[in-house]
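A.B. asks: coordinates only, sequence not included:
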């Protein structure tokens, strides 16, 4: 059997992975997932073979999610039961998704599977991302108008919570309601399928917990970390059994991402629900646009778009990679700004309480 | 107050040092780790545990260090957030 090809570690490689890991970690700590989509392409740009990049990315994901979940559990934001149950179904979804991806690759080659990934990106992120962003905007407008911005469950979530299927009901603290496992199962499964396809299952998992199950955005994003841990651990075991995990790369990314995830988790204690939705929606929509730069190249490889010069394909791919980095940067910057603003506001409130304790009591 | 800040700083330094030592060990044994991965790929399946155990150890040590690191810089969760759990 052939040996696997592992890259030589250079200072440049290590620093690049540390920085990408840091920003990715911050986004994950805040919205529950979302940093991973840049990690695999970033490693491949540094010369890491695809399979090792995917395996090492997933291996950094589970310890990162574990630390993030424990941190946010301290703030009372994690529904462990919901996370573990969805995580188990997500694991099954991920296995099937991986199998499905392999089949597509065998049938249509690399370009075919890349095109499939792009279509999934566009459909899922287009629909869910624009919905999340619109909801965040609506909540922000309500708040500015002075209206009470409550974590109201959607009509769909209320209907789901009203369903009673004997023998399948389970109580979830984040929902403050009993929900049938028959509803949870497909949602977890879809989260895993998406994770196997675009590396970020949370783009389905978090909105599903918010809009279909009725969890507050802060709790949904925190519980997603538990799902990511369960899925990440299962995925790592699978890839590690094949020897594909480059633990050096995974731990260097982890070095940066653990700094980031702590910061992202702290950030959630200063913000309202709509900020989580805003960051998530923004990232989803920007990532969606990145795919438009890749598609002409894939169509060209499949012979569906001819006479496309090689330089155009390379330039478009560069723009696509740049857009992915932009998505992460915008997410990171929004989180830092929200954190700084929240901390300043919190300090002012604390000062007011110290100076006028009686006024606060009255 | 000052005592707790000093304690915080000491914890940060202690975990930071252990974390640096772990990363030094990881990089110093880089060749060995690549060999383990290749041997797993060749059929010694039990070696799959090596990256998983390493990941858990790093997540505990480096995770604790990074938590203390931000706290010692004054970046901590909003007051009252750690008690939300009990209240809810």
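C.D. replies: Ah, there it is. Everything numeric in this text was worked out from a predicted model, so none of it was measured.
A.B. asks: Near residue B:46, how many residues? Count them for me, please.
C.D. replies: When counting by other C-beta atoms under 10 Å in any protein chain shown, one arrives at 9 neighbours for residue B:46. Placement of C-beta: from N, CA and C, glycine included.
A.B. asks: Relative to residue B:53, how far out is it?
C.D. replies: Distance check for residue B:46 against residue B:53: by C-beta to C-beta, to the nearest Å, it reads 12 Å.
A.B. asks: do the same with residue A:297
C.D. replies: Between residue A:297 and residue B:53 the computed distance is 41 Å (C-beta to C-beta).
A.B. asks: Could you do residue A:331 as well?
C.D. replies: Following C-beta to C-beta, the distance that separates residue A:331 from residue B:53 is 32 Å.
A.B. asks: These two: which has the busier surroundings?
C.D. replies: residue A:331 (28 against 10).
A.B. asks: residues contacting the more buried one?
C.D. replies: Residues near residue A:331 by C-beta atoms under 8 Å, 6 or more residues apart in numbering or on different chains: A:23, A:26-27, A:30-31, A:34, A:279, A:282-283.
A.B. asks: Looking at the residues you listed, spot the one nearest residue B:26.
C.D. replies: The nearest member of the contacts of residue A:331 to residue B:26, counting by C-beta to C-beta, is residue A:23 at 22.2 Å.
A.B. asks: Next one: that closest one from residue B:70, what distance?
C.D. replies: Between residue A:23 and residue B:70 the distance is 15 Å, computed by C-beta to C-beta.
A.B. asks: And the residue of the stretch 101-250 of chain A closest to chain B?
C.D. replies: Residue of the stretch 101-250 of chain A nearest chain B, by C-beta to the nearest C-beta: residue A:243 (3.1 Å).
A.B. asks: so that residue sits right up against residue B:43, yeah?
C.D. replies: No. Using C-beta atoms under 8 Å, residue A:243 makes no contact with residue B:43, being 9.3 Å away.
A.B. asks: Kindly list the longest helix within chain B.
C.D. replies: helix B:2-28 (DSSP state H).
A.B. asks: Could I get the buried residue list for whatever helix or strand comes next after that one?
C.D. replies: Following helix B:2-28 in sequence order, the next helix or strand is helix B:30-42 (DSSP states H and E). Going by neighbour count (16 or more other C-beta atoms under 10 Å in any protein chain shown), the buried part of helix B:30-42 is B:30, B:33-34, B:36-41.
A.B. asks: what's the answer for stretch A:117-133, then?
C.D. replies: Using 16+ other C-beta under 10 Å as the test for burial, stretch A:117-133 gives A:117-118, A:120-122, A:124-125, A:128-129, A:132-133.
A.B. asks: Those into a markdown table, with extra columns for pLDDT?
C.D. replies: Output for the buried residues of stretch A:117-133, formatted as a markdown table (pLDDT from 0 to 100):
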| residue | pLDDT |
| --- | --- |
| A:117 | 83 |
| A:118 | 83 |
| A:120 | 86 |
| A:121 | 83 |
| A:122 | 87 |
| A:124 | 87 |
| A:125 | 86 |
| A:128 | 90 |
| A:129 | 90 |
| A:132 | 91 |
| A:133 | 91 |
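A.B. asks: Take those and keep only those in helices.
C.D. replies: Using DSSP H, A:117-118, A:120, A:132-133 are the members of these that sit in helices.
A.B. asks: coming back round to it: nearest to residue A:138, out of the buried residues of helix B:30-42: which one, please.
C.D. replies: Residue A:138 lies nearest to residue B:37 out of the buried residues of helix B:30-42, by C-beta to C-beta, at 49.3 Å.
A.B. asks: Who are the contact partners of the closest one?
C.D. replies: A:4, A:6, A:243-247, B:47, B:51.
A.B. asks: try 7 Å this time
C.D. replies: Going by C-beta atoms under 7 Å, 6 or more residues apart in numbering or on different chains, residue B:37 touches A:4, A:6, A:243, A:245-246.
A.B. asks: Residue A:31 now?
C.D. replies: Contact analysis of residue A:31 by C-beta under 7 Å, 6+ apart lists A:202, A:206, A:221, A:276, A:279-280.
A.B. asks: do residue A:210 as well
C.D. replies: Taking C-beta under 7 Å, 6+ apart, we find residue A:210 in contact with A:217, A:220.
A.B. asks: Could you check how far it is from residue A:200?
C.D. replies: Residue A:210 sits 16 Å away from residue A:200, going by C-beta to C-beta.
A.B. asks: Just give the number of residues close to residue A:39.
C.D. replies: If you count neighbours by other C-beta under 10 Å, residue A:39 ends up with 26.
A.B. asks: which element is it on?
C.D. replies: Taking DSSP H and E as the criterion, residue A:39 maps to helix A:36-45.
A.B. asks: what does that helix rub up against?
C.D. replies: Identification of contacts with helix A:36-45 by C-beta under 7 Å, 6+ apart yields A:16, A:20, A:24, A:50, A:53-54, A:56-57, A:61, A:198-200, A:249, A:253, A:287, A:321, A:324-325, A:328.
A.B. asks: hmm, stretch A:60-73 touching chain B?
C.D. replies: Yes. Judged by C-beta under 7 Å from any C-beta of the partner chain, stretch A:60-73 comes into contact with chain B at A:62-63, A:66-67, A:71.
A.B. asks: What pLDDT does the model give the residue lying closest to residue A:274 once chain neighbours are set aside?
C.D. replies: Nearest non-adjacent residue to residue A:274, counting by C-beta to C-beta, 6 or more residues apart in numbering or on different chains: residue A:139, 3.7 Å away. Looking at residue A:139, its pLDDT is 87.
A.B. asks: Where does the prediction get shaky in the chain?
C.D. replies: In the absence of a named chain, this looks at chain A. Applying pLDDT under 70 to chain A flags the ranges A:1-2, A:147-151, A:357-362.
A.B. asks: wrong one, chain B
C.D. replies: Flagging of chain B using pLDDT under 70 yields the residue ranges B:1-3, B:82-88.
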